[in-house]
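[1] Just to be clear, the model below is a prediction. Sequence and coordinates:
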Amino acid sequence: MNTWDVVIVGAGAAGLFCAGVAGQRGLKVLLIDHSEKIAEKIRISGGGRCNFTNRLLDASAPQKHFISQNPHFCRSALSRYTPQDFIDLVQKHGIAFHEKHKGQLFCDHSAEDIIRMLLAECQAGGVEIRSGCSVRNVRHHTEGSPHYSLDTDQGPVLTTSLVVATGGLSIPKIGASDWGYRLASQFGLRLVERRPGLVPLTFDGAAWAPYAELAGLALPVGIETGDKKTRMHFDEDLLFTHRGLSGPGVLQISSYWQEGTPIRLNLAPTLNLPERLQEAKLRSKKLLGNELASLVPSRLADAWVSQDPALQRTAAEVPDKALSKLAEALSNWCLTPTGSEGYKKAEVTLGGVDTRDLSSQTMASKQPGLYFIGEVVDVTGWLGGYNFQWAWASGHACAMALCGAEIAPAHLPNG
Ligand SMILES: Cc1cc2nc3c(=O)[nH]c(=O)nc-3n(C[C@H](O)[C@H](O)[C@H](O)COP(=O)(O)OP(=O)(O)OC[C@H]3O[C@@H](n4cnc5c(N)ncnc54)[C@H](O)[C@@H]3O)c2cc1C
């Protein structure tokens, strides 16, 4: 009979990790994925090198790198399974890695190393993996010992516990689906509205025309959005694209940006631009464009100067007012995106299964025996390895709960 202690739907980061931990602790685990090729997001992550965690995740306030309607929900799991725990596992498997930027850890060779490690952990736990397997429907039975029956295209399956690890909606062509959200609704769980996160922002054709020719230009910027109460600021790189803006700074801010509101950019964050331009005016006989090109990338200087005839003369001839307008425009460039590149380019999905209907310690939902882990939950990390750390930590919390492990009081969150 096809009967299991645990069936996990979704063999991505969270599902594979949870399966390995639960299997190694003695549970009979089946892991199902509708894609023929599992773990595709791990494979393409971090430019093929998988930024698998972030060393700077703040153990005392891990929630500060995550977005959720309940920012404290993620604390319990993240403080019980830390980046160091995952690093220990990576080292145990002899995987070479390096730190790139702001605590971000990447494989030296390939993301395949992480997939191989997760599969080895599953094998050590006797986990059965069925890929290319779709689940048509799920029923909960309360007669006798409560269980779930799943009707799959590889036959019926019975299980005591069901774990949903189907991830978010981004990159549909590699297997993303809304199955997890629909299942949550089927059992009366609430959902937080979904939208693309860590996504390039787009701008209208006409208004964007002067900047479209900057496509390919990258530079460090300060970028922010929100009002006094909700202001978020990042110092990261910006990349101009044909349709708008991308790069780490824009991806980070996109998760906080609300449609119809502006973003503000400082294109020369390390300079006192008004002072430097005034100083050029007093000293220089060169064209202002040339002086500006010594302060910011020359393509950027050209794009700005070419828009205003008052700036197309020697630095000494440019009126003070035009100079201060230029300094303000470059150090506080305020612009309103018309949209984003959407789920086909987004790295993550914001929103998801409402944490009010889940236990932060076990990932169990209000529906008995039904668990949600990873990105399907309304917890979204910053760029930089935080999303995988959430997948590992939530998968671990769930696996420990399935095995009946006690949660040490020291590990319980304060809030
Ligand atoms: C291009 C890109 C690069 C990224 N780089 C990084 C990075 O370097 N670091 C980082 O921390 N995060 C990164 N992320 C985000 C990270 O990949 C995800 O947050 C993480 O994979 C979520 O894990 P998960 O297990 O919840 O979902 P996933 O890893 O997406 O796994 C979900 C699994 O469920 C399966 N599934 C979906 N629907 C069904 C269904 N109906 N039936 C059966 N199976 C189903 C899918 O096929 C998939 O295998 C990146 C994302 C993208 C798109």
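    Arrived safely, thanks for sending.
[2] For the rest of this, base every contact and every neighbour count on C-alpha atoms.
    Will do.
[3] helix, strand or coil for Ala327?
    Of the three states, Ala327 takes helix under DSSP: H, G, I helix; E, B strand; the rest coil.
[4] so how far is Asp320 from it?
    11 Å (CA to CA, to the nearest Å).
[5] so who does the closest residue to Val138 other than its chain neighbours touch?
    Distances taken as CA to CA, 6 or more residues apart in numbering put Leu150 closest to Val138, at 4.6 Å, once the chain neighbours are dropped. Counting by CA atoms under 8 Å, 6 or more residues apart in numbering, Leu150 touches Val135, Arg136, Asn137, Val138, Arg139, Pro156, Val157, Leu158.
[6] residues in contact with the last one?
    Going by CA under 8 Å, 6+ apart, Leu158 touches Asn2, Thr3, Trp4, His147, Tyr148, Ser149, Leu150.
[7] Once you drop chain neighbours, what's closest to the fourth one?
    In space, not counting the residues next to it along the chain, His147 is nearest to Thr160; the distance is 4.5 Å by CA to CA, 6+ apart.
[8] Just the CA trace of the helix or strand containing the one you found, in CSV.
    Under the criterion of DSSP states H and E, Thr160 resides in strand 155-164. These are the backbone C-alpha positions of strand 155-164, laid out as CSV (Å, rounded to 0.1, in the frame of the first residue of the first chain):
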residue,chain,number,x,y,z
GLY,A,155,-1.6,6.5,-8.4
PRO,A,156,-3.3,7.1,-5.1
VAL,A,157,-1.2,8.0,-2.0
LEU,A,158,-2.1,8.0,1.7
THR,A,159,-0.3,10.0,4.4
THR,A,160,-0.5,11.1,8.0
SER,A,161,1.0,14.5,7.3
LEU,A,162,1.1,16.6,4.2
VAL,A,163,3.8,19.3,3.7
VAL,A,164,3.3,21.9,1.0
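[9] Pairing partners for it, with directions?
    Strand pairing for strand 155-164, using DSSP bridges, gives strand 3-9 (parallel), strand 147-152 (antiparallel), strand 370-372 (parallel).
[10] just the CA coordinates of the first one, formatted as CSV?
    Translated: strand 3-9. Extracted in CSV, the C-alpha atoms of strand 3-9 (Å, rounded to 0.1, in the frame of the first residue of the first chain):
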residue,chain,number,x,y,z
THR,A,3,1.1,4.8,2.7
TRP,A,4,3.5,7.3,4.1
ASP,A,5,4.2,9.2,7.4
VAL,A,6,4.8,12.3,5.4
VAL,A,7,4.2,13.4,1.8
ILE,A,8,5.9,16.6,0.7
VAL,A,9,4.7,18.3,-2.5
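[11] so does that strand get close to the ligand?
    Yes: using CA under 6 Å from any ligand atom, strand 3-9 reaches the ligand at Val9.
[12] Got the domain ranges for this protein?
    According to automatic domain parsing, the chain comprises the domains 3-196+347-411, 201-340.
[13] Of those, flag the one that's most buried.
    Across these, averaging neighbours per residue (mean count of other CA atoms under 10 Å) puts domain 3-196+347-411 on top, at a mean of 20.
[14] any chance you could read off phi and psi for the residue lying closest to Glu375 once chain neighbours are set aside?
    Excluding its sequence neighbours, the residue lying closest to Glu375 (CA to CA, 6+ apart) is Gly167, at 4.6 Å. Backbone torsions of Gly167, given as degrees, to the nearest 10, read phi 70, psi -160.
[15] check contacts around Gly167.
    Neighbour list for Gly167: Gly10, Gly12, Ala176, Ser177, Gly180, Gly374, Glu375, Val376 [criterion: CA under 8 Å, 6+ apart].
[16] Tabulate the domains of the chain in CSV, adding columns for mean pLDDT.
    Converted to CSV, the domains of the chain look like this (pLDDT from 0 to 100):
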stretch, mean pLDDT
domain 3-196+347-411, 95
domain 201-340, 94
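[17] Would you tell me which helix is longest in this protein?
    helix 386-402 (DSSP state H).
[18] who are the neighbours in contact with the residue lying closest to Thr152 once chain neighbours are set aside?
    Excluding the flanking residues, the one nearest Thr152 by CA to CA, 6+ apart is Val135, at 4.2 Å. Residues in contact with Val135 (CA under 8 Å, 6+ apart) are His34, Leu150, Asp151, Thr152, Asp153.
[19] Hmm, the residue nearest to His147 is touching Gly144, no?
    No: applying CA atoms under 8 Å as the test, Thr160 and Gly144 come out as separate, 11.6 Å apart.
[20] Give the helix, strand or coil label for Ile44.
    At Ile44 the chain is in helix, as set by three-state DSSP.
[21] isn't it right next to Ile38, touching?
    No: if you go by CA under 8 Å, Ile44 and Ile38 don't touch, sitting 11.7 Å apart.
[22] roughly how far is whichever strand or helix holds Glu279 from the heart of the chain?
    Per DSSP H and E: Glu279 is located in helix 273-283. How far helix 273-283 lies from its chain's middle: 41 Å, per CA atoms, centre = their mean, to the nearest Å.
[23] cool, and stretch 18-34?
    25 Å.
[24] which other residues reach that stretch?
    With CA under 8 Å, 6+ apart as the criterion, stretch 18-34 contacts 4-11, 15-16, 118-119, 121-135, 175, 392, 395-396, 398-400, 402-403.
[25] before we move on, back to that, after the strand holding Thr160, next one along is what?
    helix 179-186.
[26] Quick one: end-to-end distance for stretch 375-382.
    One end of stretch 375-382 sits 12 Å from the other (CA to CA).
[27] residues in contact with it?
    Contact partners of stretch 375-382, identified using CA under 8 Å, 6+ apart, comprise 65-69, 71, 74, 164-168, 180-181, 192, 198, 252, 348-355, 387, 390-391.
[28] quick one: contacts for Asn2?
    So Asn2 contacts Pro156, Val157, Leu158 (CA under 8 Å, 6+ apart).
[29] Beta-bridge partners for the closest residue in space to the first one that isn't next to it in sequence, please?
    Nearest in space to Pro156, with sequence neighbours left out and distances taken as CA to CA, 6+ apart, is Leu150 at 5.7 Å. Beta-bridge partners recorded for Leu150 (DSSP bridges): Val138, Val157.
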